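Trainee: Prediction below, plus the sequence it came from.
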Amino acid sequence: MLIDLSEIFAETSYLPKYEKAEEMHENWQYLKDELLSLIDYRLSSSNARWYQEQYMYNKLEIDEFTPHYPSDINRLPKGIVAETLFLQASRLTQRECFPCLGQEDVMGADFRITYGKETRFFDVTVNFSERGFKKKVREGRFPSLFLPWKEDENNNGYKRSYAERYLRTGTINTEEYFTNIISSNYKILDRLKRSFWKGEISDADFDYSRAGIQYIKSLEGVLRLLRRGES
């Protein structure tokens with residue numbers, strides 16, 4: 001069956017143009033520069049071939065991306081976008097949080113956070129799947145901080161991503177963002193403790209038993225520094 005491409009192009013031409021396109025593109029250009037800067041920083045400090053290939057692919061995808069609507073950004077790799085937003089939100093709230101070197105990232109640490117004389121290394125992820133949780137949350141790894149991808153529901157019941165909001169407004173709702181991060185990860189920490197000390201099964205879909213005392217203490221330390229850094 002032949003497809004008439006002219007009909008497809010005709011349909012797309014009727015899509016309404018985003019009203020604040022110029023503002024959106026300015027916001028995207030700033031975020032794009034931050035994304036590429038983080039990728040280049042990581043690439044310059046790791047020689048692992050698989051790591052280089054992964055980030056070069058991400059860099060190419062970001063470099064060629066042009067949004068027509070703010071929601072288009074949800075098509076980009078969520079991991080690197082979420083890391084960049086987390087870094088921006090940390091700077092806006094004056095938290096001493098810094099990206100790890102590429103060689104540290106290869107070992108499982110995305111960021112380090114400092115408060116006073118204490119420094120903690122940790123991983124971040126937006127992957128809340130059972131498989132992702134099982135891979136990340138286990139003894140012998142840096143603690144994983146689960147980041148929210150979407151904002152709280154608005155009055156219309158719509159949940160847009162923090163990245164989409166950034167393209168619309170050039171801002172991050174840092175108060176809501178960190179409240180969600182701290183709240184959701186303390187819930188995970190509580191379930192890890194209950195699993196470790198009491199053998200409780202808090203959630204049949206997620207395995208909390210793979211994390212030992214070192215992982216629990218490390219996650220607890222990261223969350224403590226994250227809260228102390230509140231401005």
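Mentor: Sure, I can see it. Remember, it's a predicted structure, so these values are computed and weren't measured experimentally. Residues are numbered from 1 along each chain as shown.
Trainee: mind listing the strands for this structure?
Mentor: For the chain, strands defined by DSSP state E occupy the ranges 96-99, 111-115, 118-125, 144-146.
Trainee: Switch those over to TSV; also include mean neighbour count and distance to Ser37.
Mentor: Heads up, the C-betas are built off the backbone N, CA and C, glycines and all. Shown next, in TSV, are those (neighbours: other C-beta atoms under 10 Å; distance: least, C-beta to C-beta, whole Å):
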stretch	mean neighbour count	distance to Ser37
strand 96-99	18	10
strand 111-115	19	15
strand 118-125	18	17
strand 144-146	23	21
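Trainee: Can you give me the neighbour number for the residue nearest to Ala48 when sequence neighbours are not counted?
Mentor: The shortest distance from Ala48 to any non-neighbouring residue, by C-beta to C-beta, 6 or more residues apart in numbering, is to Val106 (5.2 Å). For Val106, the tally of surrounding residues (other C-beta atoms under 10 Å) stands at 16.
Trainee: any idea how far Val106 is from Glu83?
Mentor: 15 Å (C-beta to C-beta, to the nearest Å).
Trainee: what's the answer for Leu31, then?
Mentor: Taken as C-beta to C-beta, the span from Leu31 to Glu83 is 12 Å.
Trainee: again with Arg165
Mentor: From Arg165 over to Glu83 the distance is 17 Å, taken as C-beta to C-beta.
Trainee: Equivalent analysis for Leu189, please.
Mentor: The value you get for Leu189 to Glu83, if C-beta to C-beta is used, is 21 Å.
Trainee: Between those two, point out the one with more neighbours.
Mentor: More crowded of Leu189 and Glu83, by other C-beta under 10 Å: Glu83, with 23 against 18.
Trainee: Tell me who's in contact with that one.
Mentor: Residues near Glu83 by C-beta atoms under 8 Å, 6 or more residues apart in numbering: 38, 99, 110-111, 124.
Trainee: One more pass at 6 Å, please.
Mentor: Glu83 makes contacts with Val124, as judged by C-beta atoms under 6 Å, 6 or more residues apart in numbering.
Trainee: Which residue, other than its chain neighbours, is closest to the spatially most central residue of the chain?
Mentor: The chain has Ala82 as the residue nearest its centroid, 2.6 Å off, counting by C-alpha atoms, centre = their mean. Spatial nearest neighbour of Ala82, excluding adjacent residues (C-beta to C-beta, 6+ apart): Val126 at 4.6 Å.
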